[in-house]
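Q: Return atomic coordinates for the entry below.
(one chain, ligands or ions: 2)
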Amino acid sequence: MDPEMDSQLKIGFIGAGNMAFGIAKGILSGNALPANIKVSAPSSRNLGRFQELGVAVTHSNEEVVSGSDLVFVAVKPHLVAPVLTEISEHVTERHIIVSVAAGVTLATVEELLPENSVAIRLMPNLPCLVQEGALLFARGSHAKQEDGALLRSLLHRCGLVEEGPEAWIDIHTGLSGSGVAFVYLFAEALAEGAVKMGMPSALAHSIASQTVLGAGKLLRESGKHPAQLRSEVCTPGGTTIYGLHTLEQGGLRAATMSAVESATERARELGRK
Ligand SMILES: NC(=O)C1=CN([C@@H]2O[C@H](COP(=O)(O)OP(=O)(O)OC[C@H]3O[C@@H](n4cnc5c(N)ncnc54)[C@H](OP(=O)(O)O)[C@@H]3O)[C@@H](O)[C@H]2O)C=CC1
Ligand SMILES: O=C(O)[C@@H]1CCC=N1
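A: Ligands and ions are numbered 1, 2, ... in the order given. Now for the predicted structure:
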């Protein structure tokens with residue numbers, strides 16, 4: 001989509017929580033204008049930060065739908081059905097409805113909207129806030145390639161945006177939607193290890209976050225397999241291989257694989273409700 005269109009598109013958010021805010025911030029770092037965005041939530045507690053971005057806010061979901069071309073549904077998964085039921089009569093063929101709710105399937109979304117509605121399922125993650133998100137979307141049965149292209153263009157400043165089959169969305173939820181929290185746990189544990197060895201906490205946390213950032217950036221920019229980079233850090237008989245041995249004994253690799261598996265299974269379970 002050309003930048004001109006990008007800046008004219010009317011964008012709505014139903015739900016003003018952490019993920020809506022992350023996507024809105026990412027979008028606003030591109031061509032979208034705050035004046036073209038409207039957000040709704042039942043209470044005012046999360047609306048102030050949107051207002052600070054210059055975004056219009058309301059308590060009416062209907063108002064968001066009526067004034068938008070593309071609407072992100074960013075409420076908790078169990079609220080998607082009541083919210084879609086509420087807005088359904090205001091959804092027309094001009095709308096693209098993008099659900100970001102974990103687990104909720106395109107079949108469920110399409111069932112709750114008027115026939116032939118354009119629906120897209122998107123799984124973002126919180127680093128959209130700093131334009132380093134990892135986002136995967138799947139198009140519904142009436143969403144055309146150009147609808148996907150429009151969404152991709154809108155989100156391009158949020159981070160990596162990929163399209164795939166719907167079956168991958170739950171996996172991406174475990175890998176990346178939830179995966180960021182797994183990385184935070186690791187970062188916290190790194191810092192706590194340093195505190196245990198006598199480093200002041202603030203310095204340990206600052207170095208742990210820079211370590212995670214640097215490792216991630218090098219991994220992405222080098223294009224190397226993580227095992228290759230890991231071997232480049234390991235001096236034979238040196239410190240790293242001793243630490244890695246301890247992590248393997250503690251089952252970090254298996255625990256991490258199981259964490260992605262459990263989160264994926266949970267997303268699938270949410271989708272069955
Ligand atoms: N957080 C994350 O990292 C990720 C979340 N997601 C998905 O995003 C969705 C939102 O999650 P998250 O942002 O964390 O949740 P939050 O709890 O932070 O936000 C939920 C928002 O929904 C609003 N809300 C509640 N009921 C309604 C309603 N009837 N109509 C309109 N808005 C309503 C809440 O209003 P109020 O402000 O009044 O409380 C709140 O603003 C979930 O489905 C989750 O699966 C996906 C990927 C990552
Ligand atoms: O925990 C959750 O259910 C949501 C989806 C992925 C990240 N947060």
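Q: hang on, Val100 packs against Ile120?
A: No - applying C-beta atoms under 8 Å as the test, Val100 and Ile120 come out as separate, 9.7 Å apart. In short, each C-beta sits where N, CA and C put it, glycine included.
Q: Spatially, and excluding backbone neighbours, which residue is closest to Ala56.
A: Lys38 (4.5 Å; C-beta to C-beta, 6 or more residues apart in numbering).
Q: hmm, I was thinking of Ile241
A: Closest residue in space to Ile241, ignoring its immediate chain neighbours: Cys234 at 4.8 Å, by C-beta to C-beta, 6+ apart.
Q: For the one you found, what are phi and psi?
A: phi -80, psi 110 (degrees, to the nearest 10).
Q: Could you do the one 4 residues further on as well?
A: Here the main-chain torsion angles of Gly238 (degrees, to the nearest 10) amount to phi -90, psi -170.
Q: What of the one 3 residues further on?
A: Listed backbone geometry of Ile241 is phi -70, psi -30, with angles given as degrees, to the nearest 10.
Q: Could you tell me the model confidence score at it?
A: The predicted local distance difference test score for Ile241 is 98.
Q: Leu28 and ligand 1, how far apart?
A: 17 Å (C-beta to the nearest ligand atom, to the nearest Å).
Q: Would you mind listing what in the stretch 101-250 of the chain touches ligand 1?
A: With the criterion set to C-beta under 6 Å from any ligand atom, the stretch 101-250 of the chain comes near ligand 1 through 101-102, 123-126, 177.
Q: which residue ranges form the helices in the stretch 51-200 of the chain?
A: Remark: helices of the stretch 51-200 of the chain, listed N- to C-terminal, are 61-66, 77-87, 106-112, 145-155, 167-172, 179-196; assignment by DSSP state H, counting those that start in this stretch.
Q: hmm, the strand or helix carrying Glu269 touching ligand 1?
A: Secondary-structure element containing Glu269, defined by DSSP states H and E: helix 252-272. No - legend: contact between helix 252-272 and ligand 1 by C-beta under 6 Å from any ligand atom is lacking; minimum distance shown is 7.9 Å.
Q: thinking again about what came up before, are any of the residues of the stretch 101-250 of the chain next to ligand 1 buried, and if so which?
A: Buried members of those, counted by 16 or more other C-beta atoms under 10 Å: 101-102, 123-126, 177.
Q: which two in those are spaced the farthest apart?
A: Using C-beta to C-beta, the two most remote members of those are Ala101 and Leu126, lying 14.9 Å apart.
Q: picking up where we left off before, mean pLDDT and mean neighbour count for the helices of the stretch 51-200 of the chain - can I get that in TSV?
A: Formatted as TSV, the helices of the stretch 51-200 of the chain follow (pLDDT from 0 to 100; neighbours: other C-beta atoms under 10 Å):
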stretch	mean pLDDT	mean neighbour count
helix 61-66	98	20
helix 77-87	97	17
helix 106-112	97	19
helix 145-155	97	17
helix 167-172	98	19
helix 179-196	98	15
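Q: returning to that earlier point: residues near the residue nearest to Ile241, how many?
A: As a burial measure, the neighbour count of Cys234 was computed by other C-beta atoms under 10 Å and equals 15.
Q: ok and the residue in the stretch 151-273 of the chain nearest ligand 2?
A: Nearest residue of the stretch 151-273 of the chain to ligand 2: Gly177, at 3.0 Å (C-beta to the nearest ligand atom).
Q: How about the contacts made by that residue?
A: Counting by C-beta atoms under 8 Å, 6 or more residues apart in numbering, Gly177 touches 102, 123-125, 263.
Q: Closest to ligand 2 out of those?
A: Within the contacts of Gly177, the smallest distance to ligand 2 is 3.7 Å, found for Ala102 (C-beta to the nearest ligand atom).
Q: Report pLDDT for the closest one.
A: 97.
Q: Identify whichever of the helices of the stretch 51-200 of the chain lies nearest to Gly17.
A: Of all those, the one in closest proximity to Gly17, counting by C-beta to C-beta, is helix 77-87 (10.7 Å).
Q: In terms of pLDDT, where does the residue lying farthest from the centre of the chain sit?
A: Ranked by distance from the centre of the chain (C-alpha atoms, centre = their mean), the top residue is Gly237, with 40.2 Å. Listed pLDDT for Gly237 reads 98.
Q: For it, grab phi and psi.
A: Backbone torsions for Gly237, taken as degrees, to the nearest 10, come to phi 70, psi 10.
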